[in-house]
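1. the sequence and its predicted three-dimensional model are supplied below.
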Amino acid sequence: MSSEPEPVVRIRELKHDRVNFVLENVDMALANSIRRVMIADIPTVAIDLVEIDSNTSVLPDEFIAHRLGMIPLVSTACDEAMRYSRDCTCETNCAFCSVVLELNIRSEILGLHLDVTSNHLEIAPARPGVMDEVGEELSKRVENFGLPVGKNNPNVPPVLIARLGKGQEIRARCIAKKGIAKEHAKWSPCSAVSFEYDPHNKLRHTSYWFESDAKAEWPTSRNATEEEPPRDDEPFDYLAKPNKFYMEVETDGSLGPQEVVMKGLQELQTKLANLILGLKAEPEVDILQNSEQNQGPGPAGGSAQNAGSWNSRPTGGAGGGWGASPAGRGSGSWSPTTNNWGNRSSPNTGGGGWGGSSPANAGWSSSGDAAGAGWGNQAGAQGGTWGNTATSAQGAGWGSPGQQSNGWNV
Amino acid sequence: MNAPNRYELYVLEEGERPVEVVEDTKIPNAATIKIVKQDHTLGNMLRAQLLSMPQVLFAGYKVPHPLHPYFLIKVQTDGTVAPTALVEQACQKLIATIASLEAKFKREFTFKGVDGAVPEAGPYGQGAEMSWPGQKDYLDL
């Protein structure tokens, strides 16, 4: 992307619960990943377990439990202020991995219903004697962490949970946990994310249904003012790619829009970094497996060659594996012994596939002429199509030094 | 009650390897990489980045089954770089792009915070522009 222009961000509108911005010079896939990650990968806090003590309302327990789960709770900085329950050392839930809210309400008014709302949820007093563990999570919490969004704020309408007639009551203990929206949508910090590009449909990614004239019948969006409308005589540029993306992120209040966007970008980077780590870790695991399999001279060569060449599957393993079950080796099956295409029948497989450490094995397309097993160029003796291990024929003519010690007693 | 835990969609199991590389046996310079516990978010982004790189002859990804939490990304290079090394490069480039986006967002947010009269208090901090019809204190549906 070095030749491409730098990405541009312009925030058009920032409100307490939403942000509207334009993204330019980025790929559509990247813009969409940002959208996806903001919706589904950012942790928030939501009620996950409800212990119902008493429920004499007209609504069944699970109905109420579900409604409680959907209430947005203040989750500011919750990746630091709270642990996932599954990572916590406690047995079920503790102060570090949960927030306990209590709902305790009874209607005593005759003839009038009582509205049970999210304002009636109170943080339960901490249970004594459980807090012997140390952790800095609690100090990172904001004052109203875990409380319903906008609780006791007269400008924010509370969420209605149920209505009670005289004598009816609900007593419940709600355990709120951290989670992400891939597990359940209640953990999504976003109530809506809008995403638009190409408001004039210049790229023809969509086709408009129309009675007589699409232009007259379909109003343009407000984003259309940002781009030049196409001239009527303009030829269709079928190579054009979308370049400008209009997004609006609207949160449910559990996180601010700024936090959602920034955390989303961080989360994307984390995903990529983990992938790099995974790719790097890969050969090491293989070396381990190889040295276990291979009592012979194989591994040294294998590990040296592993560093980053794309025969990252250290072929030392092949040596050990070969003798073990030569016939069962399928071509290209996933196993530590799988070699690269075509040249598993090379004698040098024991030491290194192509690009390997064996001197005979310099280039990938010529893995040891002695063996005659460059890919697609199997020596007749081996009789294999490439990637195929002609097991019986292979025994003969293998110039590998460590045949016997590697167990190739074919 | 035999449904798998929902978090298994995105949390690696004990000892599970996040990445598995299978070099292609029939195509030169090609590899299929299985990336576990990730989805279109990463897959599509990576595929697009790979396609924008000149060394790439082919790049594609698929999520073989929506209930199986992994995807496969297939890369063929022109031979100058190994497929896995190229994927790594792609990741690094994406990280750089996102980092620059992040810096720009940060700047934009601080600008808007200064002159846009957005309270720093966070969501629903001092928002007074909300009003609902009727006298009720919740939205009556």
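-> Nice, I can see it.
2. in space, what's closest to A:Ala31 - neighbours in sequence excluded?
-> A:Phe245 (4.3 Å; CB to CB, 6 or more residues apart in numbering or on different chains). For the C-beta atoms, the positions are set from N, CA and C on the backbone; glycine is no exception.
3. A:Trp187 too?
-> Once flanking residues are discounted, A:Trp187 sits nearest to A:Gly179: 4.2 Å by CB to CB, 6+ apart.
4. identify the residues contacting the one you found.
-> A:Pro43, A:Thr44, A:Val45, A:Ala46, A:Asp48, A:Tyr84, A:Lys186, A:Trp187, B:Tyr7 (CB atoms under 8 Å, 6 or more residues apart in numbering or on different chains).
5. please apply the same query to A:Lys280.
-> Shown in contact with A:Lys280 (CB under 8 Å, 6+ apart): B:Glu88.
6. neighbours around residue 71, how many?
-> No chain specified, so I'll use chain A. By other CB atoms under 10 Å in any protein chain shown, 24 other residues sit near A:Ile71.
7. my bad, chain B
-> 23.
8. ok, now A:Glu143?
-> 7.
9. with A:Arg204 instead?
-> Using other CB under 10 Å: A:Arg204 sits among 11 other residues.
10. next, count neighbours for the residue nearest to it when sequence neighbours are not counted.
-> Spatial nearest neighbour of A:Arg204, excluding adjacent residues (CB to CB, 6+ apart): A:Phe236 at 6.8 Å. A total of 10 residues lie near A:Phe236 under the criterion other CB under 10 Å.
11. kindly report the same for B:Met1.
-> If we define neighbours as other CB under 10 Å, then B:Met1 has 2 of them.
12. just the pLDDT for it.
-> You'll see B:Met1 listed with a pLDDT of 77.
13. so is the nearest residue to A:Leu138 once chain neighbours are set aside in a helix, a strand, or just coil?
-> Closest residue to A:Leu138 apart from its sequence neighbours, by CB to CB, 6+ apart: A:Ala95 at 6.5 Å. Here A:Ala95 is recorded as coil under DSSP: H, G, I helix; E, B strand; the rest coil.
14. distance of A:Ala95 relative to chain B?
-> From A:Ala95 across to chain B, the span is 21 Å (CB to the nearest CB, to the nearest Å).
15. same check on A:Leu272?
-> A:Leu272 is 4 Å from chain B, where distance means CB to the nearest CB.
16. could you identify the longest helix within chain B?
-> helix B:83-115 (DSSP state H).
17. pick out the residue of chain B closest to chain A.
-> B:Ala82 (2.8 Å; CB to the nearest CB).
18. and for that residue, the neighbour number?
-> 22.
19. now it: phi and psi?
-> phi -70, psi 150 (degrees, to the nearest 10).
20. shouldn't A:Asn274 be within a helix?
-> Yes - checked against three-state DSSP, A:Asn274 lies within a helix.
21. check contacts around it.
-> B:Pro18.
22. do A:Ser194 as well
-> Here A:Ser194 is in contact with A:Tyr246, A:Met247, A:Glu248, A:Glu250 (criterion: CB under 8 Å, 6+ apart).
23. B:Val75 too?
-> The contact partners of B:Val75, taken as CB under 8 Å, 6+ apart, are B:Ala30, B:Ala31, B:Ile33, B:Leu50, B:Val56, B:Phe58, B:Ala59, B:Pro83, B:Leu86, B:Val87.
24. tell me where chain A has helices.
-> Counting by DSSP H, the helices of chain A are A:28-40, A:61-70, A:78-81, A:214-217, A:257-293, A:298-305, A:316-324, A:391-394.
25. for the stretch 101-250 of chain A, what lies in contact range of chain B?
-> Taking CB under 8 Å from any CB of the partner chain as the contact definition, the stretch 101-250 of chain A meets chain B at A:115, A:117, A:142, A:149-150, A:153-160, A:179-180, A:182-184.
26. change it to 6 Å
-> A:Thr117, A:Val149, A:Gly150, A:Asn155, A:Val156, A:Pro157, A:Pro158, A:Leu160, A:Lys182, A:Glu183 (CB under 6 Å from any CB of the partner chain).
27. isn't the last one right up against B:Arg6?
-> So the one you mean is A:Glu183. Yes - proximity of A:Glu183 to B:Arg6 meets the contact threshold set by CB atoms under 6 Å, at 4.2 Å.
28. which one's more surrounded, the two?
-> Between A:Glu183 and B:Arg6, counted using other CB under 10 Å, the more crowded position is A:Glu183 (19 against 13).
29. got the contact list for the more buried one?
-> Neighbouring residues of A:Glu183 by CB atoms under 6 Å, 6 or more residues apart in numbering or on different chains: B:Arg6, B:Tyr7.
30. if I look at it, how far off is B:Leu42?
-> Noted for A:Glu183: a distance of 18 Å to B:Leu42, by CB to CB, to the nearest Å.
31. which phi and psi does the residue nearest to A:Arg204 have?
-> For A:Phe236, the backbone dihedrals are phi -80, psi 120 (criterion: degrees, to the nearest 10).
32. give me the number of residues near B:Gln49?
-> 25.
33. what does A:Cys78 give?
-> Neighbours of A:Cys78 (other CB under 10 Å): 28.
34. correct me, but it touches A:Val45?
-> Yes - in this structure, A:Cys78 is within contact of A:Val45 by CB under 6 Å, at 5.5 Å.
35. what do those two both touch?
-> A:Lys178.
36. bridging residues for the residue nearest to A:Ala31?
-> A:Leu23, A:Tyr197 (DSSP bridges).
37. and it, what does it touch?
-> With CB under 6 Å, 6+ apart, A:Phe245 has these contacts: A:Leu23, A:Ala31, A:Tyr197.
38. not counting sequence-adjacent ones, nearest residue to B:Leu12?
-> Once flanking residues are discounted, B:Leu12 sits nearest to B:Lys37: 5.4 Å by CB to CB, 6+ apart.
39. do B:Gly60 as well
-> Closest to B:Gly60 by CB to CB, 6+ apart is B:Lys74, at 5.2 Å.
40. with that, I have no additional questions.
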